[in-house]
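1. return atomic coordinates for the entry below.
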Amino acid sequence: MPDSQKYSGLGYWIAQFAFSALLAILGLAGGVYMLIDSGSENPSSSTGVGEGAIVLLVGIVFLLLLIWLIVSFVAQSRQQRAVYAWAIMQDYVSRNPGARAARPGRAVRGDIASMATAARARDGVLSYEEVLRLQALRPEVPYPGDLEALRLAAAAPSRIPDTPQDRERRRAEWAADDGDARARLDAAGLGRPGLVHRARLATRVVGWVAVAVFLASAWLKSPAPATTAFLVLLGLWCVLRLVTGLLQDARTRRGRALAHAWLSDTEKSDRGLPTPFDEFFETSFGAWWIRLLTPMALLGVFFLLGGLANIGRASDPVERVVFIGMACAAAGFFFASIALRIVAARRAAVDRDRLRTYRRGREALSSEDAETARRGA
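-> Below you'll find the predicted structure:
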């Protein structure tokens, strides 16, 4: 089939982007307007600070959803995006013919199942039979992936033993490999997260204390000591997140070195990478700056809204320039965090593919067991 006739999935993604962006813009703009209007001497409506805060929070939620969609879209290849959208729409349209309303509980469960199936299709672990089942739901919309490759892979003789005795022997070998890998990690001091876990715990504690101090300062109408304490805790939280990321990178580097040493043994590598090594490929390199993206985005939103809300209240041109500069700098921080998050998502996608390749037979047998369980259910 020519590429021009293949399902691209752009309609699905455009609809998601448009819906999230529209509600994010309406929520943010409406929330800021309501907060400014409620604080003026002659408000134009009866809405108060509470309603404005709720609308603003709704806008922030949809803004975060929009960011997640952008990151997911960029981190996938063109074919992965098309396959993901195709799998979701095949199941959705078949469950809701003519876009008729469905029962909410059943619809939510169905959407979760559709997203899980679409993720497996995007990652290339959906079986040939499952793809045919989805294709039969809407035969007029062809599968955008390589269906012939899936058919050939399903027809090819399996390298994995398919008798119960061979499966048990294989699992016993994997259990022995897992025990050996765990012993190597313990000998290298990587058996437990250790210092990384303690750094994460300290970061969470400082973060929650900062939130409590911020709420207290808002309740007390921002006295200077409380505001100063909040800013100090906020800076400490950022530093702790940076230190945690550096420790995580060092741990990941050592763990991957042990994993590559294991894979250098041909006999062992044929059985796939042991499970204890998985965690070192589930966290990508660059954790030291990836962990700064959240505070960067939060500070960007906070100062952007603060700057925009106070531009109109500035009493002289100098103050107005200061607030405009603060809003522009905050917007730069915010969009820089989105750009870096896209890079992080791409790294994570590469590491997922690498881990799937390293697992080899283990991944294939796990997919086969899942398919057997699904048919039994």
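
2. when you work out contacts or count neighbours from here on, use the C-alpha atoms and nothing else.
-> Fine.

3. could you check which helix or strand contains residue 344?
-> In the assignment (DSSP states H and E), residue 344 maps to helix 317-359.

4. same thing with residue 212?
-> Assigned by DSSP H and E, residue 212 falls in helix 195-219.

5. list the contacts of that helix.
-> Applying CA atoms under 8 Å, 6 or more residues apart in numbering, the contact partners of helix 195-219 are 223, 226-227, 229-230, 233-234, 236-237, 240-241, 243-244, 247-248.

6. rerun that using 7 Å as the cut-off
-> 223, 226, 227, 230, 233, 234, 237, 240, 241, 244, 247, 248 (CA atoms under 7 Å, 6 or more residues apart in numbering).

7. quick one: which of these is most hemmed in?
-> Most neighbours among the contacts of helix 195-219, by other CA atoms under 10 Å: residue 241, with 27 neighbours.

8. give me the nearest residue to it, chain neighbours excluded.
-> With sequence-adjacent residues excluded and distances taken as CA to CA, 6 or more residues apart in numbering, residue 241 is closest to residue 291, at 5.9 Å.

9. which helix or strand lies directly C-terminal to the helix holding residue 212?
-> Next element after helix 195-219 (DSSP H and E): helix 224-263.

10. tell me the mean pLDDT over whichever helix or strand comes after that following helix?
-> Where DSSP H and E defines the elements, the next helix or strand beyond helix 224-263 is helix 266-269. The average of the pLDDT scores along helix 266-269 is 74.

11. now helix 266-269: how far from the chain's centre is it?
-> The chain centroid and the centroid of helix 266-269 are separated by 33 Å under CA atoms, centre = their mean, to the nearest Å.

12. cool, and stretch 267-274?
-> 29 Å.

13. tell me which helix or strand in this protein has the weakest average pLDDT.
-> helix 361-376 (a mean of 48; mean pLDDT, DSSP states H and E).

14. what's near enough to touch residue 240?
-> 199, 203.

15. quickly find the element holding residue 62.
-> Residue 62 belongs to helix 49-75, assigned by DSSP H and E.

16. so after that helix, what's the next helix or strand?
-> helix 78-95.

17. contacts made by that next one with the rest, please.
-> Contacts of helix 78-95 (CA under 7 Å, 6+ apart): 7-9, 12, 73, 114-115, 118-119, 121-122, 134, 137-138, 144-145.

18. just give me the neighbour total for residue 18.
-> That count, for residue 18 with other CA under 10 Å as the rule, works out to 12.

19. if I look at it, how far off is residue 228?
-> For residue 18, the distance to residue 228 equals 40 Å [CA to CA, to the nearest Å].

20. could you list every helix and strand that the helix holding residue 62 packs against?
-> helix 10-39, helix 317-359 (3 or more CA pairs under 7 Å, 6 or more residues apart in numbering; DSSP states H and E).

21. show me the shaky parts of the protein.
-> Along the chain, segments meeting pLDDT under 70 span 1-5, 38-50, 93-111, 153-162, 218-224, 287, 301-302, 304-316, 319-320, 360-377.

22. how close does the residue nearest the centre of it sit to residue 190?
-> Nearest to the geometric centre of the chain sits residue 68, at 6.6 Å (CA atoms, centre = their mean). According to CA to CA, residue 68 and residue 190 sit 32 Å apart.
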